[in-house]
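Novice: Sequence plus the predicted model coming up.
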Amino acid sequence: MNRNSARGHVFLSTLSIGIFIVLLLSGCASTSSVDEDFDKEISEYSFEYRIAPWYGFRTSACSITFDDGTLDQYLLAFPELEKRNIKATFFLITDFRETGIWKDGSIERLLFSWEQARTMAAAGHEIASHSSTHADLSVKAHRELEKSRETIRMHIPALPRGMTFSWPYWRSSAANQEIAHTYFIGARSGGGRLSQYPHRFGGIPQKTPQNFYQINSMRVSEKFEVREMKRLGDRAFEEGNWLIGGFHGIDNGNIPKEALGWDPLSFHHFKAVLDYIENKNFWIAPFGNVLRYIRERNFVSVKLLNQTLTTITLAVEDNLEDEVYSQPLSIEFVVPEHWRSVEIYRNGVYDSRRNVDKGKVRCDIQPDGSEIVFVGQLYPVTQKQ
């Protein structure tokens, strides 16, 4: 190799090293710019959230409830509800369930058994109290309330803690409502003609009922008018309130007379009610679940514990008894601009993954004070030109 050739190789090598250094420095500058964008974004991020009025961000809530626990409810209502995956509340008279016969005045009515009640509870329906003997509770009656609750707990030990109650004959007093506080987390009332529903006991229950121990329900019985029910249901839906149907007997024309509950509704009309609430955007849930959601929503606090470039750590706490109030709350969070999805961890354990929509993520969180960590998956950041 001659001297000129050697000099040429040295020049090219030096030039290559120079170009490499320039590119390396250029790359470092771009990375720094990206980091600055991220730092700016995280410093400007404002932690915000919104508690949904109803679970699943539904417009309104709806509960289907039954009184007494007559056999027709198990034979007709329960299978139809299961077919539609609708979970209801069954308020039971407890003292006569061993014999299976309740003497309702001069009429003997067949009741479904404890074994059948356990089947319904295992399927996700709420089993609750309608007193021990269906006594008129216009006078103080500690024993009726306490005994019925303990009997249900004994026969269905797997039930969640925190039972609800339905007043026999829809009658209660201020004194008995105070007694009910000792044994139940809330109580349902109702009665009267369908047209009276908006005017009794505080009317259609609002997002927060006026009295948690006299929550009004819409009487659904033999002289039921589907058109009037839909009108009242539309009103509850539009106002974002809680529609509660109070049922007794269900009759398809083939059920033995002694198995029918009081003032039975035709099976055809029962299905019409279910069709209606399914076609609306109601959150359909047992009475106790909705009541729990309301209490938790009203007492909850959300606290930001820490945040980094890719994580948000928070706690959701309602300061209520966790074994009783275990209904998850639906919450919408604002997250940093460049997050495209979120992985959610609860006390260090993976829970779920949620997509981010317009800088917000929705999730369901049990308000028990657990540490919740959002891990953000980032969009690629466009570098500045």
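Specialist: Good, I have the coordinates.
Novice: Only C-alpha atoms from now on, for both contacts and neighbour counts.
Specialist: Noted.
Novice: Break down the stretch 51-200 of the chain into its strands, ranges please.
Specialist: Applying DSSP state E, counting those that start in this stretch to the stretch 51-200 of the chain gives strands spanning 60-68, 89-92, 101-104, 107-110, 126-129, 165-166, 187-188.
Novice: any chance of the ones you listed in JSON lines, with mean pLDDT and mean neighbour count too?
Specialist: Output for the strands of the stretch 51-200 of the chain, formatted as JSON lines (pLDDT from 0 to 100; neighbours: other C-alpha atoms under 10 Å):
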{"stretch": "strand 60-68", "mean pLDDT": "98", "mean neighbour count": "25"}
{"stretch": "strand 89-92", "mean pLDDT": "98", "mean neighbour count": "27"}
{"stretch": "strand 101-104", "mean pLDDT": "96", "mean neighbour count": "16"}
{"stretch": "strand 107-110", "mean pLDDT": "97", "mean neighbour count": "18"}
{"stretch": "strand 126-129", "mean pLDDT": "98", "mean neighbour count": "29"}
{"stretch": "strand 165-166", "mean pLDDT": "98", "mean neighbour count": "29"}
{"stretch": "strand 187-188", "mean pLDDT": "97", "mean neighbour count": "25"}
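Novice: and residue 244, which of those is closest to it?
Specialist: The minimum distance between residue 244 and these falls on strand 60-68, with 4.8 Å, by C-alpha to C-alpha.
Novice: Partner strands of the closest one, with direction?
Specialist: Using DSSP bridges, the strands paired with strand 60-68 are strand 89-92 (parallel), strand 242-247 (parallel), strand 282-284 (parallel).
Novice: ok, and what's touching the first one?
Specialist: The list of residues contacting strand 89-92 from outside it, by C-alpha atoms under 8 Å, 6 or more residues apart in numbering, reads 63-69, 125-131, 165-166, 286-288.
Novice: do the second one as well
Specialist: For strand 242-247, contacts defined as C-alpha under 8 Å, 6+ apart pick out 60-67, 190, 204-207, 216-221, 233, 236-237, 265, 287.
Novice: Next, format the strands of the stretch 51-200 of the chain as TSV and append distance to residue 324.
Specialist: Output for the strands of the stretch 51-200 of the chain, formatted as TSV (distance: least, C-alpha to C-alpha, whole Å):
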stretch	distance to residue 324
strand 60-68	19
strand 89-92	17
strand 101-104	31
strand 107-110	32
strand 126-129	14
strand 165-166	15
strand 187-188	15
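Novice: nearest to residue 331, of these?
Specialist: Closest among the strands of the stretch 51-200 of the chain, using C-alpha to C-alpha: strand 60-68, at 15.7 Å.
Novice: No further queries at this time; thank you.
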